[in-house]
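Student: Build me a model from this:
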Amino acid sequence: MKNKFYQYIQDLQDHITSKLEIVDGKATFQEDIWKRPEGGGGRTRVIENGKVFEKGGVNISAVHGKLPESMQQYFGVNDANFFACGLSLVLHPKNPMTPTVHANWRYFEMYNQDGDIVDQWFGGGQDLTPYYLFEEDAIHFHHTCKTACDKHNKTFYPKYKKRCDEYFYNSHRNEGRGIGGLFFDYCKASEDMSMEQWYGFVTEVGNSFLEAYVPIVEKRKNLPYSKSQRDWQEIRRGRYVEFNLVHDKGTLFGLKTNGRIESILMSLPPHVQWVYDHHPEPGSEEEKLINTLKKPKNWV
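Tutor: Below is the predicted model of the structure:
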């Protein structure tokens, strides 16, 4: 399974980066091949200072070795080895009318000292973080997510949409990071789903990403915006940074397993503001966004 999924994310990285370069029309992804001393490595692709994308990354990695002690305690195991591979992406557009997007799809195996697999699972998802709320964009994104889920199980969309709302939540701010999407983790073989079936589901979601996001970018990338709207975007980007550094499990896992710092922190935007005690004007579009983020909404 690990070889099959790793091949899938290599191909998906090629497909996504090729399409995004066309969308941007100016910048191209710069590739960086790296190795992890303890085992494995990755292929980082970053786009910067484009016509559409101010900064973005579409990264794949496959790492293996002894599970660090802190992670052994987390999983409740002793002397375990692991393999983990995945694709992770974050795109920060220049235009504040165009939302930031995040997605990842990953696979994990854990082994005993004899090399036998003692646990394995899939995880991943995709979520949207707008700075100005266009409800039709939220509906499109969630409809695409639901369509992908429904091909495999009608319960998946409501379940994983709810988990996304709960996970991508800045509890110290009492607000969501964005308008959600899908989040699933520890997807293991059971009586209802084999690992092959989970593979089919996870790759279905991965294949839906461009359909979910690119039409929104094409619709919003050339809209006019003001200096104050750009400032608002940078303030909201600060909330994005806070979530990734305080709450995100993927960031913490990478840091605790001696991951590549440049790739882990690729998700951070280049221009951010933290304005003291900032509040949007009553009745403004900015306040509309904040009010929406206070309580999860059913978009489809």
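
Student: from memory Tyr186 sits against Trp121, does it?
Tutor: Yes - using C-beta atoms under 8 Å, Tyr186 makes contact with Trp121 at a distance of 4.8 Å. Heads up, the C-betas are built off the backbone N, CA and C, glycines and all.

Student: more crowded one of these two?
Tutor: Legend: neighbour count by other C-beta atoms under 10 Å for Tyr186 and Trp121, higher for Trp121 (17 against 9).

Student: now the more buried one, what's its secondary structure?
Tutor: On the three-state scheme (DSSP: H, G, I helix; E, B strand; the rest coil), Trp121 is labelled strand.

Student: now the strands for the chain?
Tutor: Using DSSP state E, the strands of the chain run over 30-35, 40-48, 53-66, 81-93, 100-111, 117-129, 169-170, 175-176, 180-187.

Student: The first one pairs with which strands, and in what direction?
Tutor: I take that to be strand 30-35. strand 40-48 (antiparallel) (DSSP bridges).

Student: got the contact list for the partner strand?
Tutor: Strand 40-48 has contacts (C-beta atoms under 8 Å, 6 or more residues apart in numbering) with 10, 13, 17, 20-21, 24, 27-36, 53-65, 83, 260, 262-263, 266, 270.

Student: That one to strand 81-93, inter-axis angle?
Tutor: 0 degrees (axes from the mean of the first three to the mean of the last three C-alpha atoms, to 10 degrees).

Student: What residues sit buried inside the longest helix belonging to the chain?
Tutor: Taking DSSP state H as the criterion, the chain has its longest helix at helix 195-220. Using 16 or more other C-beta atoms under 10 Å as the test for burial, helix 195-220 gives 195, 198-199, 201-206, 208-210, 212-214, 216-217, 220.

Student: Check stretch 282-298 too.
Tutor: Buried, per 16+ other C-beta under 10 Å, within stretch 282-298: 286, 289, 292-293, 296.
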